[in-house]
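K.L.:
from the sequence below, what's the structure:
(chains A, B, C and D)
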Number of protein chains: 4
Amino acid sequence: MEALLSERVEILVRFNEADPLGIVWHGHYVRYFEDGREAFGNKFGLRYLDIFANGYTVPVVHVDCNYKRSLRYGDSVIVETRYVPTPAAKIRFEYTLYNATTHEIVATGASVQVFLDKSTQTLQLILPKFFEQWKQQHALS
Amino acid sequence: MEALLSERVEILVRFNEADPLGIVWHGHYVRYFEDGREAFGNKFGLRYLDIFANGYTVPVVHVDCNYKRSLRYGDSVIVETRYVPTPAAKIRFEYTLYNATTHEIVATGASVQVFLDKSTQTLQLILPKFFEQWKQQHALS
Amino acid sequence: MEALLSERVEILVRFNEADPLGIVWHGHYVRYFEDGREAFGNKFGLRYLDIFANGYTVPVVHVDCNYKRSLRYGDSVIVETRYVPTPAAKIRFEYTLYNATTHEIVATGASVQVFLDKSTQTLQLILPKFFEQWKQQHALS
Amino acid sequence: MEALLSERVEILVRFNEADPLGIVWHGHYVRYFEDGREAFGNKFGLRYLDIFANGYTVPVVHVDCNYKRSLRYGDSVIVETRYVPTPAAKIRFEYTLYNATTHEIVATGASVQVFLDKSTQTLQLILPKFFEQWKQQHALS
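P.N.:
The predicted structure follows:
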């Protein structure tokens, strides 16, 4: 059986993130996802800076988001970020966003990242060793 | 046969849109999509302000983006926005982003919007009349 | 003798806030100021929502910032927000930003806000009563 | 008598730039200033990329803005950017923002940039040669 790695972080909605209709502009959710990945990386030793130090960058090649409920200024959102193992040389995260007060689901989404060699910018078709090791350390197949 | 409505707009990449790796941060593409919808709305009489004037708001309930190539500061991106007819009470747009110089595809994506009554905030399960008329005016089934 | 009201809040620099030179784009500091005001408002009962509830909005009419040192991705910034009493019907805040690790001053700045009646949008030439009371509660002349 | 270098650029206010009060969030004006500098640089051969090519970066060390009138979604803003000669090893721009429809002044502001050697990051206390030449080419003392 496989470990499931996930982390939660709470983010306060900023006044300037809400639009003239009073609700958070949908584009900001992509940043909430990034905040989620950042919190995940801090917890599990997978920050961007760790990845750079190993000689790679991990550009996002896919993102999707489904919006269920609005967020407003004054709300606080909880971003749950789950690492989803994949056989490909990719990193897949799935996200669930909750309203911190009502605990209702606000949005769900996913992102996929690939590995580029930092100096040559070459796409890696097999998983870099450092990432294989990271997976093993966290009992991920 | 059905008309295909689409519009193109060119956007200059801003210095502050590129990240420390020198490439445009992926979250900005969602804004490029919105700029594309705006240009589409200006051309075909479907601006947010037109929609508000008809008593509705059209929140985005889904967005996805697939990234093919990087954009850098100094690049210019062409956003092609296509209206994709759907039987549901929704608005679906698909996007193709091109590098204005190389004409290579930079990204593809889609967005879905629903109709809310502006005063009651009720989700509309059938298409508002003004939008039916808009479709007829543009020979969309 | 007068009380000096101030509050500190720590903000993690986001990856997407740094530009191709690796340093935080200068425009983001204005948002750090707003995060500072927000933290101040939470501590001293002067949140935007409190102000709206009293029937006023407080648009920013002036902002300035002097940049002393760079911030980079991975850095954390401490925003110190100080309320500076003024005889005019205005709210003046001054800010000092510190690098959370080195404690060096990163930037200093100020903002000025005025009071508008929320329904009539009229500029208030004398201080609204609720704000007079807020000042008295905090022993400000 | 000295030449006065200036350039104007028109910017459409984006829906997501307006806040829950319906007006453009004040922090976005700093980006309008940058768009103004960019347009100025394109006209007079002083783009960031030109400056980098000469071996320098020009970080902003000061910015200020005074807000006179609100901008709303649907408005268009004209940014006038003027180069203001200074004896110091600095670049000073002043800005006037107009509502494109009413021609009323929306905001005024200024920014100051210094020169850093791109490789050593050293602050330049005397004007780099390329910039002296740029000034001479444009009849600036």
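K.L.:
for chain A, what helix or strand is lowest in average pLDDT?
P.N.:
Every helix and strand in chain A was compared by mean pLDDT, DSSP states H and E; the lowest is helix A:48-53, with a mean of 92.
K.L.:
can that helix be found next to chain B?
P.N.:
No: Helix A:48-53 stays clear of chain B (C-beta under 8 Å from any C-beta of the partner chain), getting no nearer than 9.0 Å. Using the backbone N, CA and C atoms, a C-beta is placed for each residue, glycine as well.
K.L.:
kindly report the same for stretch A:119-134.
P.N.:
No: under the criterion of C-beta under 8 Å from any C-beta, stretch A:119-134 makes no contact with chain B; the nearest approach is 9.0 Å.
K.L.:
what do you get for stretch A:26-39?
P.N.:
Yes: using C-beta under 8 Å from any C-beta, stretch A:26-39 reaches chain B at A:26-27, A:30-31, A:34.
K.L.:
so can I have TSV of the residues you listed showing secondary structure and distance to chain C?
P.N.:
As requested, those are exported to TSV (DSSP: H, G, I helix; E, B strand; the rest coil; distance: C-beta to the nearest C-beta, whole Å):
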residue	secondary structure	distance to chain C
A:26	coil	16
A:27	coil	12
A:30	helix	9
A:31	helix	7
A:34	helix	7
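K.L.:
buried only: go through these for me.
P.N.:
Buried members of the residues of stretch A:26-39 next to chain B, counted by 16 or more other C-beta atoms under 10 Å in any protein chain shown: A:26-27, A:30-31, A:34.
K.L.:
which one of those sits closest to residue C:66?
P.N.:
residue A:31 (27.3 Å; C-beta to C-beta).
K.L.:
my read: the closest one touches residue C:17, true?
P.N.:
No: Residue A:31 is not in contact with residue C:17 according to C-beta atoms under 8 Å; the separation is 9.8 Å.
K.L.:
from the residues of stretch A:26-39 next to chain B, which single one is nearest chain D?
P.N.:
Comparing the residues of stretch A:26-39 next to chain B against chain D with C-beta to the nearest C-beta places residue A:27 closest, at 6.2 Å.
K.L.:
contact partners for residue A:77?
P.N.:
By C-beta atoms under 8 Å, 6 or more residues apart in numbering or on different chains, residue A:77 lies in contact with A:10-11, A:13, A:32, A:71, A:97-100, A:106.
K.L.:
go with 7 Å
P.N.:
Shown in contact with residue A:77 (C-beta atoms under 7 Å, 6 or more residues apart in numbering or on different chains): A:11, A:13, A:32, A:71, A:97-100, A:106.
K.L.:
sketch out the low-pLDDT regions of chain A for me.
P.N.:
Within chain A, the ranges that satisfy pLDDT under 70 run A:1-3, A:141.
K.L.:
so which of the contacts of residue A:77 are in helices?
P.N.:
residue A:32 (DSSP state H).
K.L.:
separation between residue A:137 and residue A:80?
P.N.:
According to C-beta to C-beta, to the nearest Å, residue A:137 stands 22 Å off from residue A:80.
K.L.:
can you show me the strands along chain A?
P.N.:
If DSSP state E is used as the criterion, the strands of chain A fall at A:6-12, A:56-57, A:60-67, A:76-83, A:90-99, A:105-114, A:116-117.
K.L.:
can I get these in CSV with distance to residue D:51?
P.N.:
Below are the strands of chain A laid out as CSV (distance: least, C-beta to C-beta, whole Å):
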stretch, distance to residue D:51
strand A:6-12, 36
strand A:56-57, 26
strand A:60-67, 30
strand A:76-83, 38
strand A:90-99, 36
strand A:105-114, 33
strand A:116-117, 28
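K.L.:
so which of the ones you listed gets nearest residue D:133?
P.N.:
strand A:56-57 (37.4 Å).
K.L.:
stretch A:54-71: end-to-end distance?
P.N.:
37 Å (C-alpha to C-alpha, to the nearest Å).
K.L.:
what does stretch A:94-108 give?
P.N.:
The straight-line separation of the ends of stretch A:94-108 (C-alpha to C-alpha) is 8 Å.
K.L.:
residue B:106 versus the residue most central in space within chain A, what's the distance?
P.N.:
The residue lying closest to the centre of chain A (C-alpha atoms, centre = their mean) is residue A:37, at 3.4 Å. Remark: distance between residue A:37 and residue B:106 (C-beta to C-beta) = 22 Å.
K.L.:
repeat for residue A:55
P.N.:
Separation of residue A:55 from residue B:106 (C-beta to C-beta): 26 Å.
K.L.:
looking at the two, which one has more neighbours?
P.N.:
residue B:106 (22 against 14; other C-beta atoms under 10 Å in any protein chain shown).
K.L.:
which residue sits closest to the more buried one, ignoring its sequence neighbours?
P.N.:
residue B:97 (4.3 Å; C-beta to C-beta, 6 or more residues apart in numbering or on different chains).
K.L.:
likewise for residue A:112?
P.N.:
Spatially, and ignoring its direct neighbours in sequence, residue A:112 is nearest to residue A:62 (4.1 Å; C-beta to C-beta, 6+ apart).
K.L.:
return the residues in contact with that neighbour.
P.N.:
Taking C-beta under 7 Å, 6+ apart, we find residue A:62 in contact with A:111-112, B:66-67.
K.L.:
which of the residues you listed lies closest to residue C:22?
P.N.:
For those, the nearest to residue C:22 is residue B:67 (21.7 Å; C-beta to C-beta).
K.L.:
residues contacting that closest one?
P.N.:
A:59-62, B:26, B:107.
K.L.:
what about stretch A:80-99, how long is it end to end?
P.N.:
11 Å.
K.L.:
got the buried residues for that stretch?
P.N.:
Applying 16+ other C-beta under 10 Å to stretch A:80-99 flags A:80-83, A:90-91, A:93-99 as buried.
K.L.:
up against chain D, what does chain A have?
P.N.:
With the criterion set to C-beta under 7 Å from any C-beta of the partner chain, chain A comes near chain D through A:15-16, A:18-20, A:22, A:25, A:27, A:73.
K.L.:
repeat that with 8 Å
P.N.:
Counting by C-beta under 8 Å from any C-beta, chain A sits next to chain D at A:15-16, A:18-22, A:25, A:27, A:72-73.
K.L.:
write the ChimeraX selection for whichever of these are buried.
P.N.:
Filtering the residues of chain A next to chain D down to the buried ones (16+ other C-beta under 10 Å) takes a single ChimeraX command:
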select /A:15,16,18,19,20,21,25,27,73
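K.L.:
relative to residue D:4, which of the residues of chain A next to chain D is nearest.
P.N.:
Closest to residue D:4 out of these is residue A:16 (34.6 Å), distances taken as C-beta to C-beta.
K.L.:
from residue A:31, how far out is the closest one?
P.N.:
Taken as C-beta to C-beta, the span from residue A:16 to residue A:31 is 12 Å.
K.L.:
how about residue A:80?
P.N.:
16 Å.
K.L.:
just residue A:119 next, same as before
P.N.:
The value you get for residue A:119 to residue A:31, if C-beta to C-beta is used, is 28 Å.
K.L.:
for residue A:121, same thing?
P.N.:
25 Å.
K.L.:
got a list of what residue A:66 touches?
P.N.:
A:107-109, B:61-62.
K.L.:
now the residues you listed: which count as buried?
P.N.:
Buried among these by 16+ other C-beta under 10 Å: A:107, A:109, B:61-62.
K.L.:
can you lay out the contacts of residue A:77 as CSV showing distance to residue D:131?
P.N.:
Below are the contacts of residue A:77 laid out as CSV (distance: C-beta to C-beta, whole Å):
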residue, distance to residue D:131
A:11, 43
A:13, 43
A:32, 42
A:71, 47
A:97, 48
A:98, 53
A:99, 52
A:100, 51
A:106, 50
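K.L.:
and which of the contacts of residue A:77 is nearest residue A:48?
P.N.:
Nearest to residue A:48 out of those is residue A:32 (C-beta to C-beta; 16.5 Å).
K.L.:
wait, that closest one touches residue A:97, no?
P.N.:
Yes: counting by C-beta under 8 Å, residue A:32 does reach residue A:97; the two are 6.3 Å apart.
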